[in-house]
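>>> give me a model of this one.
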Amino acid sequence: MVCIKSKVFIISLTLALLITTISIMFTNGAIATENRLGLEFVGEPSYELINRVTKGGKTVGWTYRIQVDIKNNGDQKSQETTTNLTDEEGFELKNITTFQPGETKTINFLWSTTYGYDQTINVNYFPTEVDTNWNPYNSGKTSFKLIIDKEGGIPAAGTPGFEFILLIVVLSAIIFYFKRQK
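The predicted structure is shown next:
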């Protein structure tokens, strides 16, 4: 009787160890496969002014080429990846591509604005497939400040306080002048 209980215990223990070992192998395999893809930004996004829209000798709009470099550090091809650019006005541009192992791609956007102020541009990349979970290996984000080239632009309205102070000084001078005349 003791022998049969010992054999059952040894078989149960062996089965438990086998199931645990197989579970660990599958779990580690899934994690290792996920780590085989490693998309990341390379450097900072860059931009250059490529067109200035003028009307009546004044600049009323700007078009910039924005470039973002993304590299696949993994050893497997990426799935379709969407690179998304968004500005402060909510304007959005998208680019969809895939990355071979070790490949660096420059993603280009043509971004236009009629607003003459500097803007923060947000850039994200993520899996295009809706059902894919986002993780640090297939998604990322960065942002940068795009400085608008204001040369020849529409002049700013100025500081409203300055005009008010100037008006008060002029009115005070006029009142003082007339009081002095009496």
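>>> list the contacts for residue 40?
Residues counted as contacts of residue 40 (Cβ atoms under 8 Å, 6 or more residues apart in numbering) are 70, 71, 73, 140. Using the backbone N, CA and C atoms, a C-beta is placed for each residue, glycine as well.
>>> just give the number of residues close to the first one.
Think residue 70. 21 (other Cβ atoms under 10 Å).
>>> give me the three-state assignment for it.
Here residue 70 is recorded as strand under DSSP: H, G, I helix; E, B strand; the rest coil.
>>> so what pairs up with it in the strands?
Assessed by DSSP bridges, residue 70 has beta-bridge partners residue 41, residue 105.
>>> if we can go back for a sec, who wins for neighbours among the contacts of residue 40?
residue 70 (21 neighbours).
>>> what separation do you get for that residue and residue 117?
28 Å (Cβ to Cβ, to the nearest Å).
>>> that older thread, export the contacts of residue 40 to CSV and tack on pLDDT?
CSV is the format used below for those (pLDDT from 0 to 100):
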residue, pLDDT
70, 95
71, 95
73, 92
140, 93
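>>> now, among the residues you listed, which is nearest to residue 131?
residue 140 (19.5 Å; Cβ to Cβ).
>>> in contact with the closest one, which residues?
39, 40, 41, 124, 125.
>>> give me the domain ranges for this protein.
1-35, 39-146 (automatic domain parsing).
>>> how about the helices in this protein?
For the chain, the helices defined by DSSP state H occupy 2-35, 160-181.
>>> lowest mean pLDDT across those, which one is that?
Lowest mean pLDDT of these: helix 2-35, a mean of 61.
>>> any chance you could spot the residue sitting in the middle of this protein?
Closest residue to the average C-alpha location of the chain: residue 123 at 1.9 Å, with Cα atoms, centre = their mean.
>>> thinking again about what came up before, and the buried ones among the contacts of residue 140, selectable in ChimeraX?
Selection of buried members from the contacts of residue 140 for ChimeraX, criterion 16 or more other Cβ atoms under 10 Å:
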select :39,124,125
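>>> dump the contacts of residue 140 to CSV, plus distance to residue 85 and pLDDT.
Compiled in CSV, these are given as follows (distance: Cβ to Cβ, whole Å; pLDDT from 0 to 100):
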residue, distance to residue 85, pLDDT
39, 16, 92
40, 17, 93
41, 13, 93
124, 8, 95
125, 10, 94
